[in-house]
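A.B. asks: here you go, sequence then predicted model.
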Amino acid sequence: MRLPVIVAPAIAIALAFAGCRPAQETAAATPAAPAAEPARAVASEQGEAKLTVLARGLSHPWAVAPLPEGGFLVTERGGNLRRIGADGSVSAPLAGVPAVAARGQGGLLDVALAPDFAQSRRIYLSYAEADGSGLSGTTAAYATLGDAGLGEVTVFYRQEPKLNAENHFGSRFAFDGQGHVFISQGERTERPLAHQLDKLQGKLVRLDLDGSVPADNPFVGQAGARPEIWSYGHRNSQGLAFDPRTGKLGESEHGPRGGDEVNLPQPGRNYGWPLVTHGINYSGQPIPEAVGKEKEGMEPAHFVFEVSPGLSGMAFYTGQPGKPWNDSLFLGSLAQRNLIRLQLDGDRVVAEERLLQDLGERIRDVRVAADGNLYLVTDEADGKLLKLEPPQG
Ligand SMILES: [Ca+2]
């Protein structure tokens with residue numbers, strides 16, 4: 001087992017000071033592993049939450065998957081997968097991760113545990129993959145998690161065709177508990193592709209857990225359409241999760257300026273991009289194809305942010321009766337650098353709150369773990385893994 005390659009700066013400083021102290025104190029103060037930094041209070045409309053920096057010094061972390069035995073898997077966009085202990089210890093990069101195309105917005109993206117992870121130790125990874133000529137596409141693999149790395153790495157999905165474009169790869173996984181994995185993607189900034197059913201850009205796809213195509217997918221048997229597709233007309237979908245209360249799939253979509261969306265994607269439906277949007281180009285120019293906020297035959301957004309937060313990962317917080325944040329949807333904001341909490345009544349958004357504004361960091365992913373806490377990663381050069389303990393009511 002290699003030693004951790006990252007020492008949290010605060011710990012390094014603590015150790016430096018420890019050197020000036022009497023020997024007996026130094027021995028007692030030396031941690032076996034980097035200790036978590038002290039928790040601090042976080043104000044919320046629903047009471048006081050608690051924030052702890054579990055680890056820092058991560059390079060643009062993109063996803064966090066809490067492990068059932070404690071600890072976490074965290075991806076770094078440059079291509080590393082690390083295990084982080086419940087005590088904040090950060091492992092060396094795990095071996096066996098596929099080569100990724102870390103250019104533009106591409107690189108190592110999502111990590112998720114298979115529904116039967118406790119028995120199988122299988123994990124899912126999504127990433128940007130290059131071909132020999134420099135074209136790239138969103139790709140998904142599963143693998144078995146061992147102590148030092150991954151084994152039995154199997155690529156089970158490739159976005160086709162590969163393109164000469166470096167942005168809008170997506171991507172997140174979600175599992176429906178009925179033997180399917182969903183993979184969100186972006187349109188790679190080639191807007192018209194989101195409506196072309198023979199291409200996989202701008203599509204949400206649904207596969208069996210081994211990567212085969214389910215016979216009941218909406219476009220199976222339709223000439224000129226890819227059978228992997230579940231829904232289409234998506235711009236860049238970087239959040240995906242099932243609502244445990246309703247079993248409905250939710251999707252967050254990083255939109256154009258003024259057009260970030262939450263959708264509840266249904267099979268075979270068209271979610272409109274780029275014809276239907278509330279936004280304009282980041283240049284300030286209109287989107288050439290846009291016809292308005294709604295159009296016959298296309299699904300309007302379920303919820304729209306008309307000032308763009310720059311949405312990324314998302315998680316439902318449910319099944320916590322008596323807790324003030326019960327029935328919330330959390331979304332990471334990249335551009336506004338905070339954590340969004342949407343209060344839900346059924347599927348309806350009835351209130352909105354921003355958290356962690358004073359942290360000032362791009363929140364790339366948020367997950368709810370079995371311990372009832374939220375875990376986040378910040379997409380920064382000095383990226384952090386954060387634990388957020390909800391108000392107890
Ligand atoms: Ca849309």
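C.D. replies: Arrived safely. Note that the coordinates shown come from a computational prediction; the quantities given were computed from them, not determined experimentally.

A.B. asks: for stretch 177-190, which positions count as buried?
C.D. replies: Of the residues in stretch 177-190, H180, V181, F182, I183, S184, Q185, G186, E187, R188, T189, E190 count as buried by neighbour count, 16 or more other CB atoms under 10 Å. C-beta coordinates here come from the backbone N, C-alpha and C atoms, glycine included.

A.B. asks: what is the nearest of those to T154?
C.D. replies: For the buried residues of stretch 177-190, the closest approach to T154 (CB to CB) belongs to V181, at 12.8 Å.

A.B. asks: ok so that closest one is a strand residue?
C.D. replies: Yes: under DSSP: H, G, I helix; E, B strand; the rest coil, V181 sits within a strand.

A.B. asks: which strands or helices does the longest strand that the chain contains pack on?
C.D. replies: Looking across the chain with DSSP state E, the single longest strand is strand 47-58. Applying 3 or more CB pairs under 8 Å, 6 or more residues apart in numbering; DSSP states H and E, we find strand 47-58 packed against helix 9-18, strand 40-44, strand 72-76, strand 80-84, strand 383-389.

A.B. asks: one more time with 6 Å
C.D. replies: Contacts defined by 3 or more CB pairs under 6 Å, 6 or more residues apart in numbering; DSSP states H and E place strand 47-58 against strand 40-44, strand 383-389.

A.B. asks: return the set of buried residues in it.
C.D. replies: Buried residues in strand 47-58, defined by neighbour count with 16+ other CB under 10 Å: A49, L51, T52, V53, L54, A55, R56, G57, L58.

A.B. asks: now swap in stretch 66-86 and tell me
C.D. replies: Buried, per 16+ other CB under 10 Å, within stretch 66-86: 66-67, 71-77, 79-86.

A.B. asks: span of that stretch from start to end?
C.D. replies: Length of stretch 66-86, first residue to last, CA to CA, to the nearest Å: 9 Å.

A.B. asks: do stretch 377-393 as well
C.D. replies: This stretch, stretch 377-393, spans 25 Å end to end (CA to CA).

A.B. asks: what about it, distance to the chain center?
C.D. replies: Remark: stretch 377-393 is offset 13 Å from the chain centroid, using CA atoms, centre = their mean, to the nearest Å.

A.B. asks: contacts for that stretch next, please.
C.D. replies: Under the contact criterion CB atoms under 6 Å, 6 or more residues apart in numbering, stretch 377-393 has outside partners 46-56, 58, 60-61, 64, 84, 322-325, 361-362, 364-365, 373-376.

A.B. asks: just to revisit the earlier point, quick check: which of the helices and strands packed on strand 47-58 is buried the most?
C.D. replies: strand 383-389 (a mean of 22; mean count of other CB atoms under 10 Å).

A.B. asks: can I get the CA coordinates of that one in CSV?
C.D. replies: Taking C-alpha atoms only, strand 383-389 is exported to CSV below (Å, rounded to 0.1, in the frame of the first residue of the first chain):
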residue,chain,number,x,y,z
GLY,A,383,-10.6,21.0,-4.8
LYS,A,384,-12.3,19.8,-1.6
LEU,A,385,-14.5,17.0,-0.4
LEU,A,386,-17.1,18.5,1.9
LYS,A,387,-19.5,16.9,4.4
LEU,A,388,-22.7,18.9,5.0
GLU,A,389,-24.8,17.8,8.0
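
A.B. asks: and the angle for that strand with strand 40-44?
C.D. replies: Calculated by axes from the mean of the first three to the mean of the last three CA atoms, to 10 degrees, strand 383-389 forms an angle of 70 degrees with strand 40-44.

A.B. asks: get me the contact residues on the protein for the ion.
C.D. replies: Proximity of the chain to the ion (CB under 5 Å from the ion) is limited to residues Y271, G272, A301.

A.B. asks: any chance of the residues you listed in JSON lines, with pLDDT and distance to G149 too?
C.D. replies: Below are these laid out as JSON lines (pLDDT from 0 to 100; distance: CB to CB, whole Å):
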{"residue": "Y271", "pLDDT": "98", "distance to G149": "38"}
{"residue": "G272", "pLDDT": "97", "distance to G149": "42"}
{"residue": "A301", "pLDDT": "97", "distance to G149": "41"}
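
A.B. asks: so V64 touches V74, yeah?
C.D. replies: Yes: look at V64 against V74 with CB atoms under 6 Å: they come within range, at 5.2 Å.

A.B. asks: so what's the residue count around the residue in the stretch 101-250 of the chain that the ion sits nearest to?
C.D. replies: Ranked by CB to the ion, the top residue of the stretch 101-250 of the chain for proximity to the ion is G233, at 6.2 Å. Using other CB atoms under 10 Å, G233 has 24 neighbouring residues.

A.B. asks: sorry, back to before: what about the helices and strands packed on strand 47-58, which gets the closest to A143?
C.D. replies: For those, proximity to A143 was assessed by CB to CB; strand 383-389 is nearest, at 21.4 Å.

A.B. asks: what lines up beside the closest one in the sheet?
C.D. replies: Strand 383-389 has the following strand partners under DSSP bridges: strand 47-58 (antiparallel), strand 374-378 (antiparallel).

A.B. asks: pLDDT at A10, what is it?
C.D. replies: pLDDT recorded at A10 is 39.

A.B. asks: where does the stretch 101-250 of the chain dip in pLDDT?
C.D. replies: For the stretch 101-250 of the chain, no stretch has pLDDT under 70.

A.B. asks: which residues of it fall in helices?
C.D. replies: Counting by DSSP state H, counting those that start in this stretch, the stretch 101-250 of the chain has these helices, from start to end: 117-120.

A.B. asks: the strands in it, which residues?
C.D. replies: Secondary structure of the stretch 101-250 of the chain (DSSP state E, counting those that start in this stretch): strands located at 108-113, 122-130, 136-145, 150-158, 173-175, 180-183, 203-208, 229-232, 237-242, 249-253.

A.B. asks: got a list of contacts for the second one?
C.D. replies: What that stands for is strand 122-130. 100-101, 106-114, 136, 139-145, 169, 171, 173.

A.B. asks: if we use 7 Å, what do you get?
C.D. replies: 73, 98, 100-101, 106-114, 136-145, 169, 171, 173, 181, 183 (CB atoms under 7 Å, 6 or more residues apart in numbering).
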